[in-house]
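**Student:** Structure here, sequence nowhere to be found:
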């Protein structure tokens, strides 16, 4: 499919299933950006999660996010139980304006269902010369270091640094050792896990994917990664006045895999952090680090694979599995596809039928 | 030694070696806080690093840090090539005031020699109800993930979350897999390293501490830790208009192990990030996370060991090695101790004599 086709199909499917025009547009933008960068887990593959959220009655396809300026440097957007892309779009420009005015600013998003990647919101800040951070919590899958039971979400954080004449350097990484979907794929394929990914229900290390899914995932990098996970949990939850991962998990009664909660975004304008700032000179300085990284065989900048994919898909389009393509056609035709999908995915835990179907 | 004795000795030694009253007081506060919390690598053990910085002529013992308000939310403190404790003290209250006023604020410290831990600056923000972040780069010891040569500093970041009626939850962690001192200790003791700590000069994984010190340390947690290291490097360097780790290393011509550079501190007031904020309710919410962590056998809060030590040392004082005690007495007696010390320590790389001794 061409990227134009991806967007048209995604939007048509979302509209047909009950999202209004602005939500369908925002979600289709997000899904298409993921396909464009070959982040397929966050692309068309995610459409069933959006649909399931709506069908379960847990997500609104129509709520208009409300924006409040809490201080001259803090903006809050209440997504009102809709999916995050529209809320993030609404907060984006005001956040950038405030960061440029004051040097640093916060966007606190609440009551948002989030099944998307975080790099789009920090990349678009960095496209305008800002440094961006994003933090979001999720369903409780990850045990704290030393612990035995799931408590933290896979809790991603994203960071973007602007470049003068190139796309920004961006990373977006879970604080768990692996994505949940990587464990599920190995379960499906009858493969064992690498060590360090998970513990079983008995709290002991396991390389058995079934035991891992019944037990808990582990943070990346031992107690240091666990600290990062805890930090993300606090920033995306209590700091913005929204839930912790275990609370989000308890609230997702329909088990949609689309948890509802908060997201914290911070934007900093580098030129406001120095005296007599010269933006280009400041960014040139940071290029010295990137050059030294790239001089080393084997090292790379964290976002380069996405940008390579972006060039490729602009010319060649993307490949979509037939089963997914068929499902999208069914959505567009207005069919209620009310089974949990069985594709691989970070948030997918069950393939059982939905428990609670309510009209959207 | 009692903590009072630690402070008196440290301050007397610093004064005798050429620090002025206010710098000696600030550094003695920092050293004593580290001894109090049994973070011995940042306690009296660090005095030689302060002295070497001064003796080399690279550090000033008298410079008055200058504070500028760059925006209503950004404060810059130029330490003017003095050690960081005084600069951090000077920026602390203005940063807290701005964070409480606007919800979020930045303290950019530049031209500071930093051989201290980061938890004190974030802990004191959190003692006043603020969330604190701190980032500092250092000498280039750590290879980027996939790379083969040292580039990043051990690049610590610290984070503090306030609690209502308890000391804050704080972590302060290097983005390297291990402290440099842990490798040096194993070299001294003829022990091998765990896998994953380092690569040799040939770029291949090594468990030989000599090869590791000649090669490069590795980030914690693979490419994710490497991303954190890169982020810290950008925040503590180009963002605040100061040097990258490799530049700091090149500038430390006397090889004092006391690199000079920037530090970024961010403070957020949680109650300004929610509507109709109720600080106590917000902090109570975060206690739910801490309770669930502590319910799990084996999990702990990252700062609890320090707080336990704090209770213990208040009653029992601290133990100081005789060799270190003797060295402090020599400092107090005004002797120039111009050999690099050979204690274990994060920043210690050489025990050769100082290269450039100039009067302070």
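**Tutor:** Nice, I can see it. Quick caveat, the model's predicted, so the values are computed rather than measured. Residues are numbered from 1 along each chain as shown, chains lettered A, B, ... in the order given.

**Student:** Could you check which residue of chain A lies nearest chain B?
**Tutor:** Shortest chain A-to-chain B distance, computed as CB to the nearest CB: residue-wise this is residue A:221, at 2.4 Å. For glycine as for every other residue, the C-beta is placed from the backbone atoms N, C-alpha and C.

**Student:** Next one: that residue from residue B:183, what distance?
**Tutor:** Counting by CB to CB, to the nearest Å, the gap between residue A:221 and residue B:183 amounts to 18 Å.

**Student:** With residue A:65 instead?
**Tutor:** If you measure residue A:65 against residue B:183 using CB to CB, the figure is 51 Å.

**Student:** Then residue A:74?
**Tutor:** Using CB to CB, one obtains 43 Å as the distance from residue A:74 to residue B:183.

**Student:** surely residue A:241 meets residue A:109?
**Tutor:** No: contact between residue A:241 and residue A:109 fails when scored by CB atoms under 8 Å: they sit 10.8 Å apart.

**Student:** and for the two, which residues touch both?
**Tutor:** Common contacts of residue A:241 and residue A:109 (CB atoms under 8 Å, 6 or more residues apart in numbering or on different chains): residue A:262.

**Student:** neighbour count winner among those two?
**Tutor:** Of the pair residue A:241 and residue A:109, residue A:109 is the one with more neighbours under other CB atoms under 10 Å in any protein chain shown, namely 28 against 23.

**Student:** ok but the more buried one is inside a helix, no?
**Tutor:** No: according to DSSP: H, G, I helix; E, B strand; the rest coil, residue A:109 belongs to no helix; its state is strand.

**Student:** and it, what does it touch?
**Tutor:** So residue A:109 contacts A:76-77, A:79, A:84, A:87-88, A:91, A:240, A:262-265 (CB under 8 Å, 6+ apart).

**Student:** now with 7 Å?
**Tutor:** Contacts for residue A:109 were tallied using CB atoms under 7 Å, 6 or more residues apart in numbering or on different chains; they are A:77, A:79, A:84, A:87-88, A:91, A:262-263.

**Student:** now do residue A:223
**Tutor:** Listed by CB under 7 Å, 6+ apart, the contact partners of residue A:223 are residue A:145.

**Student:** near chain B, which residues of the stretch 201-350 of chain A show up?
**Tutor:** By CB under 7 Å from any CB of the partner chain, the residues of the stretch 201-350 of chain A that approach chain B are A:220-221, A:224-225, A:227, A:231, A:233-234, A:238-241, A:244, A:246, A:268, A:270, A:272-275, A:282, A:285-286, A:288-289, A:292-293, A:296-300, A:302.

**Student:** If any of the residues you listed are buried, put those into a PyMOL selection.
**Tutor:** Written as a PyMOL command, the selection of buried residues from those, which uses 16 or more other CB atoms under 10 Å in any protein chain shown, is:
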select buried, chain A and resi 220+221+224+225+227+231+233+234+238+239+240+241+244+246+268+270+272+273+274+282+285+286+289+292+293+296+299+302
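
**Student:** can you tell me if the longest helix along chain A touches chain B.
**Tutor:** In terms of residue count, the longest helix belonging to chain A (DSSP state H) is helix A:84-102. Yes: contact between helix A:84-102 and chain B, assessed by CB under 7 Å from any CB, occurs at residue A:102.

**Student:** which parts of that helix are buried?
**Tutor:** Burial within helix A:84-102, assessed by neighbour count using 16+ other CB under 10 Å, is assigned to A:84-92, A:95-96, A:98-100, A:102.

**Student:** go on, stretch A:208-225?
**Tutor:** By neighbour count, and taking 16+ other CB under 10 Å as the criterion, the buried residues in stretch A:208-225 are A:208-209, A:211-213, A:215-225.

**Student:** now, which of these sits nearest residue B:156?
**Tutor:** Proximity of those to residue B:156 (CB to CB) peaks at residue A:224, which lies at 10.4 Å.

**Student:** ok, the closest one - contacts?
**Tutor:** With contact set as CB under 7 Å, 6+ apart, residue A:224 has these partners: B:173, B:220-221.

**Student:** which residues in the stretch 251-360 of chain A form strands?
**Tutor:** For the stretch 251-360 of chain A, applying DSSP state E, counting those that start in this stretch gives strands covering A:260-268.

**Student:** where are the low-confidence patches of it?
**Tutor:** A:338-360 (pLDDT under 70).

**Student:** Leaving out chain neighbours, which residue sits closest to the most centrally placed residue in chain A?
**Tutor:** Within chain A, one residue has its C-alpha closest to the average C-alpha position: by CA atoms, centre = their mean, that is residue A:117, at 2.5 Å. Excluding the flanking residues, the one nearest residue A:117 by CB to CB, 6 or more residues apart in numbering or on different chains is residue A:42, at 4.5 Å.

**Student:** contacting residues around the one you found?
**Tutor:** Taking CB under 7 Å, 6+ apart as the definition of contact, the neighbours of residue A:42 are A:34, A:116-117.

**Student:** can you redo these as JSON lines with distance to residue B:127?
**Tutor:** Putting these into JSON lines (distance: CB to CB, whole Å) gives the following:
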{"residue": "A:34", "distance to residue B:127": "42"}
{"residue": "A:116", "distance to residue B:127": "37"}
{"residue": "A:117", "distance to residue B:127": "36"}
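
**Student:** circling back: which of the buried residues of stretch A:208-225 fall in helices?
**Tutor:** When DSSP H is applied, those are split such that A:209, A:211-213, A:222-225 fall in helices.
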